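# here is a sequence together with a model predicted from it:
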Amino acid sequence: MRKANWLLLVLVVVLSMFLAACSGGDDTTEEDTGTDTQQGSEGDSTNEEGNDGKVLRVVSTSEIPSLDPAQATDSVSIQYTDSLYEGLYRLKTGGEIVSGIANEDETVISEDGLTYTFKLREDAKWSNGEPVTANDFVYAWRRAITPETASVYGEYLMSGAIKNATEIYAGELEPTELGVTAEDDYTLKVELVKPVPYFESFVAFPTFLPLNQAFVEEQGENFAIELDNLLFNGPFVLTEWDNAAGWKLERNDQYWDKDNVDLDGINVKVVKETGTAVSLYEKGEIDRVGLSGEFVDQKKTSPDYYSLSEATVFWLKFNQGSSTKGEYMQNENFRRAIAQGFDKEAFINIVYGNDSIPADYFVPSDFVQNPETGEDFRAKYGNIISYDLETAQSAWEKAKQELGFEEVSLVFLSGDSDVGKAITEFFKSELEKNLEGLTIELQNVPWSEQLEIMDAQEYELAFSGWGPDYKDAISFIDLWETGGANNDIGYSNDEYDALVKSVKNELALKPVERFEAMQEAEKIMLDEAGIGPVMQRKTSVLSKNYVTGMEQLNPFGPSYSYKYVGIEK
Amino acid sequence: MSKYLLQRIGYMVITLFIIATATFFLMKLLPGSPFNQLASKLSDEQMAILLSRYGLDQPVPIQYFNYIVGLIQGDLGVSFQFNNQDVTKLIMNRLAPSAYLGGQAMIIGTILGIVLGMVAAIRNNTWIDYTSNVVAVIGISIPSFVFAGLLQYYIAVKWDLLPVAFWEGFEYTILPTISLMIFPLAICARFMRTEMMEVLGSDYIELARAKGMTKSTIMLKHAMRNALVPVITVLGPMTVSLMTGTLVIEQIFAIPGLGEQFVRSISVNDYPMIMGTTLLFSVLFIVVILIVDIMYGLIDPRIRITGGKD
Amino acid sequence: MPTNNKQLPKELFEPIELSAEKGEELTRPELSYWKDAWIRLRKNKGAIIGLVFLFLIAVMALIGPLMNDYSIEETNYDASNIPPRIKGLEWLGFDGIQKWRVQGTTEDDAITRGLTGMEIGEEYLISSKVVEEPNKDNDNYYTVELEFDVYGARGLEDKYYWFGTDSMGRDLWTRTWNGTRISLLIGIVAAAIDMLIGVLYGGISGYYGGRVDNYMQRVIEILTGIPNLVIVILMIVVLKPGLIAIILALTITGWTGMARIVRSQILKLKNQEFVLAARTLGASDKRILMKHLIPNVTGMIIINTMFTIPSAIFFEAFLSFIGLGLQPPIASLGTLINDAFKSYRIYPYMLVYPAIIISFLMIGFNILADGIRDALDPKMKR
């Protein structure tokens, strides 16, 4: 027994030495990163003291999933690819499209709207000093549509717009056949299959950013994975990237328009907990913080509180293709009763606590304007389907007669976040209270599962929303086209389909008629209570008063245009 | 002894294999797919390309086979949510803060807990005993996110004594460590107190006392050694759960650790990340259990690890 | 006496029958194990206080929700976020007055911001005082603390919400006691299942040892090696999200801790003399395990169970923290605390009551556990 004990002791010593060695290793890496970041933050504090450093300090709720423009699909990736790269055009604060590498005033659009010729500026450079040329765009766009790149937005935006994109994606043509050519180093010609009135929005989107072919090919699989595998041509360069903790941007000295970039840098830290971010803001460690739910309540009286309009609209989806309740959902009165039977104002107060706009429409306000009069899309038919308890209840009675039911139970699908749960709780109590005989069963599932369920049309009633990817109402209007890829509510209306078709084809070059056709289409859809619009969301933030250029959100693409953000202390 | 050890290592490999298999198939039952988030913008062909790119278009048994082959070669695959990034590297980047934090909280928590429990047992029914009880009750009756949040608000925001969040040096570890160690401290103190009370009443302590041994010898050489056995039992699983359960603390103090990443991986169906993290936790756990088993033998001579009923 | 001994006649002695039962025969008046334990438990004041606490909480959990007319899901948007008020207890702080800190560029600006932001008429403002003058650290803002009468401002003069209301205007008294019920249910059921499986498993594994032990330990290792969360998420998906899914998810790996503790105790005990004695007297394995070994481990089992209850209650709270908890509108103490925690800086009352109840539950379970352990432990008989 003694002997066994000794052996054990030796074993434990050896094991603990092994573990100590491991943890020792951890310790050193720990110290390394520790000192790195510490130096960084010391640098910041000297900046603050000297008052000459204009470094914007913000938090991000997630890491950057990808800095490869072709792979950018989420808001964080899109935000930072926009700050680090520059495409033909870019967005100014509030979403106005302005010149980037191409000069907007020199762009030539052919009569038939099928050919765009962009003139590139000659002083734009990559961060390694090489010039940005038309070939960089040609390379990047071809890369984005190459099937192996598997770029989501490459296919989504290019197919059916740029010449040969659909065929290349299907593998029928080589990527070199894409309708984009460099006439010379600084002239880029783009050929489209059909006129795309909103093509200018596309070229301000990350998927259409240029890439330096030599550099990307040299990096191969490692491209954009770490700091060393990146090359920039935008207003900022990335100087530190420890994805899990945060990253730092500095003004790009090679950038052609660097004199108009006010910020010296941007310091981003990953903070997922809103409470923590608010604490950091209160302590003055960050300049800006997005608020959610309870924190809106706490902070809405603060002088630093702002509420920013978004172009995102939320609605109730009535699944007419539901195998269980499709029959009910196909009844207009049934849908109308639900769509008009809840208090949108109360919903916003309870769930979001801010001043989001109750929506009686599905194309957002302050998003697109009549090309001729400059009138907002909403000016013509403002509120189409609003909260009206009497109408709702009489529609409910009619539906009961038409369908012959006294009681009905519906499953309500929504997310499983705190907000998702609050949404379902609200609708359960509100609809059950207002519509007699209705029972709502709640189904709160993770976001990705919700998408799967909606995609398969295996729901009855769902809460969902849509934000545009380009500045055109068709982004919303074509959602409900019969057989459309995103039409997961089983809605179908010939008149509506005809309007959408003409908007997409023959009206493409008649902007005013096209615009009006879309207004009509929206009215047709909502007059039938095809969906139940709920609200147009606003984002609530706390922002130090010295931050400028972040007063508005861009309706699509990156949320903010950091190039135009400044600090005035 | 070495035979025993070899045998155990053999079992460990088998255990890991079973865990890998079980997790793989369980994971396939997770709802949603990694590319669902984009579904509204993906055409069917696009989805097919993405699936085949990650080998997800093949039948599950083949996917499983490929995965195990990769695993044997030490390849955990690439993450779906972080475009093309190596899972091994992603995990290793995040392991350090979690392990450091977990380790620090565990060591301080356990030692304080054992001391507190011992003193409470020796000074039974005095104020020390009551204090120890109160600490234990607080430790288990306040949810860690509330405790951490209160610490953060009062100590960091209101009194400005320590940093609010982030992971940039020793002072940044203090609040998370305190929030994390309160639980092991409470558990250890209670187990230790219970065990010490039992041991102190046993005959061999009487004997030792009768033999005229000094109080400290009795406590350290006889009583504590025996009382530690059940404490060690709970320590093993607790160590790992600390490392993984730092989730809440990591989120509140914005620490770039593993726990937080793991939950996110599950919610976005990042299969390679889920598998990688699961396997890492499992390896840690199995090693800790082995160490615990060996420590039994060292601390309690009545247990012979090779033994058992004939 | 010693001399008398020798004079005892032989007839006074008779040979006893040798048998297993006789070997165990009790010479003292027969008291059942539990009766004996109860007698000793009664003497322990702390344990009785704990028992009373638990009893009171359990009773309130049953009748509390019935004491007023609100239901757990009845919402009233005009009465959201209202502080507690109890008739006759206004002097105790249950006065329905909300305190609010507001910042502004001047004192008046702050007050106006507060009143418009909260949609409160000026006549309901009770008091205001400047708590922080402008300085560099607070961006040169005044911070003013306002006190106002919420019930009056919302036109609810005749209503009394004893614990206040939540953000959807639901009565927190009803929700808190109902939540207590749910939490107790989760904790007790989970702990009971853990105990049953864990004790049997650990006992068998430890007692038989050898190959059996080895295999059984591998099973535990595999089970615990799979991180809980994966299992929890799967369970919640496979079953419908809710109570049963959570309890199952909690117990599917939860019992391993108990099994390990019981096993280690059995390992320690099984080579001891009383086991040898029982075996010599012909006791079966089952009898040794159930009558000799496990009663000796009761103390540890009870302590561990008493820890399982709160950890089950907290694990459920943790699940709601990551968004996998109970489905609304059902609430538990955990989800109530989780919801309230986000706004505790302005609505502390939402956090206080569930937190107090959960602490009392824990204290109750703990002192009662101590008492029961002392009462049950055969080694404590002196």
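That came through fine. Numbering: from 1, shown residues only, chains lettered A, B, ... in the order given.

# for the rest of this, base every contact and every neighbour count on C-alpha atoms.
Will do.

# ranges for the helices of the stretch 201-350 of chain A?
A:213-219, A:274-282, A:293-299, A:326-329, A:332-339, A:344-347 (DSSP state H, counting those that start in this stretch).

# which one of the ones you listed is the most hemmed in?
Mean neighbour count (mean count of other CA atoms under 10 Å in any protein chain shown) peaks for helix A:332-339 among the helices of the stretch 201-350 of chain A, with a mean of 25.

# so for that helix, mean pLDDT?
Average pLDDT, helix A:332-339: 93.

# show me where chain B has its helices.
B:2-28, B:44-53, B:60-72, B:87-122, B:127-141, B:144-151, B:170-200, B:203-210, B:215-217, B:224-245, B:247-252, B:258-267, B:271-299 (DSSP state H).

# got the contact list for the closest residue in space to residue A:256 that isn't next to it in sequence?
Among residues not flanking residue A:256 along the chain, residue A:124 sits closest, at 5.4 Å (CA to CA, 6 or more residues apart in numbering or on different chains). Going by CA atoms under 8 Å, 6 or more residues apart in numbering or on different chains, residue A:124 touches A:101, A:131-132, A:233, A:254-256.

# try 10 Å this time
A:86, A:100-102, A:130-133, A:233-234, A:254-257 (CA atoms under 10 Å, 6 or more residues apart in numbering or on different chains).

# could you chop chain B up by domain?
B:19-72, B:94-265 (automatic domain parsing).

# how many other residues sit next to whichever residue of the stretch 251-400 of chain A sits closest to chain B?
Scanning the stretch 251-400 of chain A for proximity to chain B using CA to the nearest CA identifies residue A:271 as nearest, at 5.1 Å. Neighbour count of residue A:271, defined by other CA atoms under 10 Å in any protein chain shown: 28.

# how much space between it and residue A:306?
Distance, residue A:271 to residue A:306, using CA to CA, to the nearest Å: 20 Å.

# next, format the helices of the stretch 201-350 of chain A as JSON lines and append distance to chain C.
Compiled in JSON lines, these are given as follows (distance: least, CA to the nearest CA, whole Å):
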{"stretch": "helix A:213-219", "distance to chain C": "36"}
{"stretch": "helix A:274-282", "distance to chain C": "7"}
{"stretch": "helix A:293-299", "distance to chain C": "6"}
{"stretch": "helix A:326-329", "distance to chain C": "23"}
{"stretch": "helix A:332-339", "distance to chain C": "19"}
{"stretch": "helix A:344-347", "distance to chain C": "7"}
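
# identify whichever of those helices lies nearest to residue A:355.
Closest to residue A:355 of these is helix A:344-347 (CA to CA; 9.0 Å).

# from chain C, how far out is the residue nearest to residue A:256?
As judged by CA to the nearest CA, to the nearest Å, residue A:124 and chain C stand 40 Å apart.

# read off the pLDDT value for that residue.
pLDDT, read off for residue A:124, is 91.

# repeat for residue C:16
Reported pLDDT for residue C:16: 68.

# ok, now residue A:375?
Note on residue A:375: pLDDT of 90.

# could you do residue B:37 as well?
64.

# residue numbers of the stretch 51-200 of chain A in contact with chain B?
Contact residues (CA under 10 Å from any CA of the partner chain) of the stretch 51-200 of chain A with chain B: A:61-68, A:71-74, A:147-153, A:155-157, A:169-170.

# among these, name the buried ones.
Among those, those buried by neighbour count (16 or more other CA atoms under 10 Å in any protein chain shown) are A:62-68, A:71-74, A:147, A:149-153, A:155-157, A:169.

# weakest of the helices of chain B by average pLDDT?
helix B:224-245 - the lowest mean pLDDT of those, at a mean of 71.

# format the helices of chain B as JSON lines; extra columns: mean neighbour count.
As requested, the helices of chain B are exported to JSON lines (neighbours: other CA atoms under 10 Å in any protein chain shown):
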{"stretch": "helix B:2-28", "mean neighbour count": "16"}
{"stretch": "helix B:44-53", "mean neighbour count": "16"}
{"stretch": "helix B:60-72", "mean neighbour count": "14"}
{"stretch": "helix B:87-122", "mean neighbour count": "21"}
{"stretch": "helix B:127-141", "mean neighbour count": "19"}
{"stretch": "helix B:144-151", "mean neighbour count": "20"}
{"stretch": "helix B:170-200", "mean neighbour count": "23"}
{"stretch": "helix B:203-210", "mean neighbour count": "13"}
{"stretch": "helix B:215-217", "mean neighbour count": "11"}
{"stretch": "helix B:224-245", "mean neighbour count": "22"}
{"stretch": "helix B:247-252", "mean neighbour count": "24"}
{"stretch": "helix B:258-267", "mean neighbour count": "21"}
{"stretch": "helix B:271-299", "mean neighbour count": "21"}
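
# wait, which of these is closest to residue A:137?
Using CA to CA, those put helix B:44-53 closest to residue A:137, at 22.4 Å.

# just checking, what packs against the closest one?
helix A:152-158 (3 or more CA pairs under 10 Å, 6 or more residues apart in numbering or on different chains; DSSP states H and E).

# averaged pLDDT, the top helix by length along chain C. What do you get?
The single longest helix within chain C, with elements called by DSSP H, is helix C:172-208. Helix C:172-208 shows a mean pLDDT of 89.

# Three-state assignment for the residue nearest the centre of chain C, please.
Central residue of chain C (CA atoms, centre = their mean): residue C:310, 3.6 Å from the mean position. Of the three states, residue C:310 takes helix under DSSP: H, G, I helix; E, B strand; the rest coil.

# for it, give its distance to chain B.
7 Å.

# against chain A, how distant is that residue?
From residue C:310 to chain A the distance is 24 Å (CA to the nearest CA).

# and that residue, what pLDDT?
At residue C:310, pLDDT is 70.

# and it, how close does it get to residue C:358?
Counting by CA to CA, the gap from residue C:310 to residue C:358 is 9 Å.

# let's see which of the residues of the stretch 51-200 of chain A next to chain B end up in helices.
Among those, the residues falling in helices (DSSP H) are A:152-153, A:155-157, A:169.

# need the per-residue pLDDT for residue 166.
Unless you meant another one, I'm taking chain A. For residue A:166, pLDDT reads 90.

# the intended chain is chain C.
So, for residue C:166, pLDDT stands at 85.

# surely it and residue C:350 touch.
Yes - Residue C:166 is within contact range of residue C:350, at 7.1 Å (criterion: CA atoms under 10 Å).

# state the pLDDT value of the residue in the stretch 401-550 of chain A that chain B sits nearest to.
For the stretch 401-550 of chain A, the residue closest to chain B is residue A:449, as judged by CA to the nearest CA, at 4.5 Å. With respect to pLDDT, residue A:449 has a value of 78.

# same thing with residue A:184?
92.

# tell me the phi and psi of it?
The phi/psi pair for residue A:184 (degrees, to the nearest 10) reads phi -150, psi -170.

# quick check: chain neighbours aside, which residue is closest to it?
Using CA to CA, 6+ apart, the nearest residue to residue A:184 is residue A:134, at 7.1 Å.

# need the pLDDT of that neighbour.
94.

# next, the contact list for it, please.
Contacts for residue A:134 (CA under 10 Å, 6+ apart) come out as A:88, A:101-102, A:118-121, A:180-189, A:210.

# which among the residues you listed count as buried?
A:88, A:101-102, A:118-121, A:180-182, A:185-189, A:210.

# need the max-distance pair from those residues.
Pairwise over the buried ones among the contacts of residue A:134, using CA to CA, the maximum falls at A:121 and A:180, 17.9 Å.

# check whether stretch B:184-197 contacts chain C.
Yes - against chain C, stretch B:184-197 shows contacts by CA under 10 Å from any CA at B:187, B:190-191, B:194-195, B:197.

# now distance to residue C:330 too, for these, in a markdown table please.
Below are the residues of stretch B:184-197 next to chain C laid out as a markdown table (distance: CA to CA, whole Å):
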| residue | distance to residue C:330 |
| --- | --- |
| B:187 | 30 |
| B:190 | 33 |
| B:191 | 35 |
| B:194 | 37 |
| B:195 | 40 |
| B:197 | 42 |
